[in-house]
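[1] Give me coordinates for this.
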Amino acid sequence: MDDPDVRPLFPRPLRPRELVALDVLAALGYAFVLVVQSPDVRHPAALALVAAMTLPLAVRRRWPLPVFCLVAVASVAAMTLGVVREPLAAAAYALYPVALGMRRRRWEPTAAIGVLTVGALLLAAFGGVAAEPEVRRIVETVVLGSLALGGAWTIGRAVRERRAYAARRADEAAERAVTEERLRIAREMHDVVSHTLSLIGVKAGVAVHVADRRPEEALEALRVIEATSRQALTEMRHMLGVLRTTPSTTPSTTPSTTPGTTPSTTPGTTPDALSPAPGLAGLPDIAERAAAAGVRVDLDVRVTDRLSPALELAVHRIVQEAVTNVVRHAAPAACRVLVHDEGDQVRIEVTDDGPGRRVLPAGVPGHGGRHGMGHGSGHGLGHGMGHGLIGMRERVAAYGGDFTAGPMPGGGFRVLARLPREGEGT
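    Next comes the predicted model:
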């Protein structure tokens with residue numbers, strides 16, 4: 001977790017021109033220090049060597065490898081002639097951008113140049129120098145300079161690897177966010193489309209089945225189909241309006257941190273996007289639509305404290321999908337929906353009593369069974385219910401809750417979910 005009291009040295013990344021300006025100041029400052037500290041630098045040749053060692057550092061980011069080669073050669077010459085005492089500081093400063101920008105498989109030339117530089121300095125240290133104190137000083141200079149070169153190279157490579165790792169992590173996070181957003185949209189689309197199309201399919205099958213014998217019942221089924229399709233269209237427009245909202249008008253949301261949430265809108269968005277997300281207030285509508293499809297739903301909602309919009313949406317979608325499965329797979333049946341506030345968690349339980357007394361004829365949509373996870377009476381989990389259970393399980397898991405679904409011992413099917421309150425928005 002980031003410490004709010006810790007602030008970066010620069011509030012924003014430095015621009016290329018600002019970085020070049022810093023390098024120019026460093027080059028001029030180092031040249032001034034060498035001229036002041038070394039009396040021998042007054043000679044024109046010595047001044048030329050100092051200039052060759054320091055001034056190219058101003059463009060080390062533009063041409064890193066040529067600058068390092070020039071500074072390394074000038075450093076060896078300055079060491080050989082005894083112009084300056086610590087010539088490798090400039091070479092180390094020039095080596096850093098080389099290590100930072102060089103690709104992994106192109107480090108050999110720089111390493112070879114570094115070895116040659118150290119070798120040349122060793123030759124300069126022991127070539128024709130007999131005084132023991134002088135030899136010791138030169139050896140110390142070579143050792144410290146080598147450490148400086150090695151440290152510059154190591155730091156440059158470490159920074160490069162860290163930036164590459166951060167870039168990979170950012171790409172992975174972006175891909176993960178896209179995947180999670182797609183899954184969230186897929187769940188919402190499935191909840192809306194599956195629920196309404198299941199009701200439409202059931203009522204269309206009823207209308208076809210009774211059209212000749214009971215035309216008034218067929219007409220009522222068509223009215224239900226019309227109302228359900230209009231409501232589905234409204235919900236789809238609401239969802240598309242939210243998705244089409246530009247980032248400038250909609251605060252960004254992260255699916256992993258706010259599961260099931262719908263991005264909020266600000267003035268200027270589409271009218272459909274301004275409608276509230278479905279919640280507990282929409283549960284009676286689910287019961288009414290299920291009743292129109294022939295399934296009586298008994299609602300028992302006991303929530304004392306107000307839930308967050310995200311948690312209400314999750315409860316609504318779980319109940320919607322569970323009731324849709326009852327309509328689709330249990331034929332006309334009795335269904336009971338419990339939504340209870342248990343303090344630190346919300347309990348959602350949807351049960352049915354199995355096949356209804358009037359089973360739809362073969363070929364009518366909605367008559368299928370729940371193969372593999374059926375009730376004790378024998379109807380099973382059909383093809384369409386698998387994704388519904390998966391979607392409910394994923395939605396509950398996003399909140400860190402518990403989810404179970406399966407047949408009951410005395411017959412019927414039960415969906416049970418527990419959503420923790422502390423999981424809201426986490």
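
[2] Kindly list the single helix or strand of the chain that scores lowest on mean pLDDT.
    Of all helical and strand segments in the chain, the minimum by mean pLDDT, DSSP states H and E falls on helix 108-126, at a mean of 58.

[3] Moving C-terminal from that helix, which element do we reach first?
    helix 132-210 (DSSP states H and E).

[4] tell me the mean pLDDT for that following helix?
    In this model, helix 132-210 carries a mean pLDDT of 76.

[5] One more: stretch 319-328?
    For stretch 319-328, the mean confidence score works out to 86.

[6] could I have it exported to PDB, CA atoms only?
    Provided in PDB are the C-alpha atoms of stretch 319-328 (Å, rounded to 0.1, in the frame of the first residue of the first chain):
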ATOM      1  CA  VAL A 319     -32.800 -14.100  -7.900                       C
ATOM      2  CA  GLN A 320     -33.500 -13.300 -11.500                       C
ATOM      3  CA  GLU A 321     -31.300 -16.200 -12.800                       C
ATOM      4  CA  ALA A 322     -32.600 -18.700 -10.300                       C
ATOM      5  CA  VAL A 323     -36.300 -17.900 -11.000                       C
ATOM      6  CA  THR A 324     -35.500 -18.000 -14.700                       C
ATOM      7  CA  ASN A 325     -34.200 -21.500 -14.300                       C
ATOM      8  CA  VAL A 326     -37.300 -22.500 -12.500                       C
ATOM      9  CA  VAL A 327     -39.500 -21.200 -15.300                       C
ATOM     10  CA  ARG A 328     -37.300 -22.800 -17.900                       C
END
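
[7] List the buried residues for that stretch?
    The neighbour-count check on stretch 319-328 (16 or more other CB atoms under 10 Å) flags 319-328 as buried. Every C-beta, even on glycine, is put in place using the N, C-alpha and C of the backbone.

[8] Domain-wise, how is this protein divided?
    Per the record, the chain has its domains at 16-128, 172-423, by automatic domain parsing.

[9] picking up where we left off before, of the buried residues of stretch 319-328, which belong to helices?
    319-328 (DSSP state H).

[10] Okay, helices next: where are they in the stretch 301-426 of the chain?
    Using DSSP state H, counting those that start in this stretch, the helices of the stretch 301-426 of the chain run over 309-329, 385-398.

[11] Nearest to Val98, out of those helices?
    Val98 sits nearest to helix 385-398 of all the helices of the stretch 301-426 of the chain, at 47.4 Å, using CB to CB.

[12] now the closest one against helix 309-329, angle please.
    Comparing the axes of helix 385-398 and helix 309-329 via axes from the mean of the first three to the mean of the last three CA atoms, to 10 degrees yields an angle of 160 degrees.
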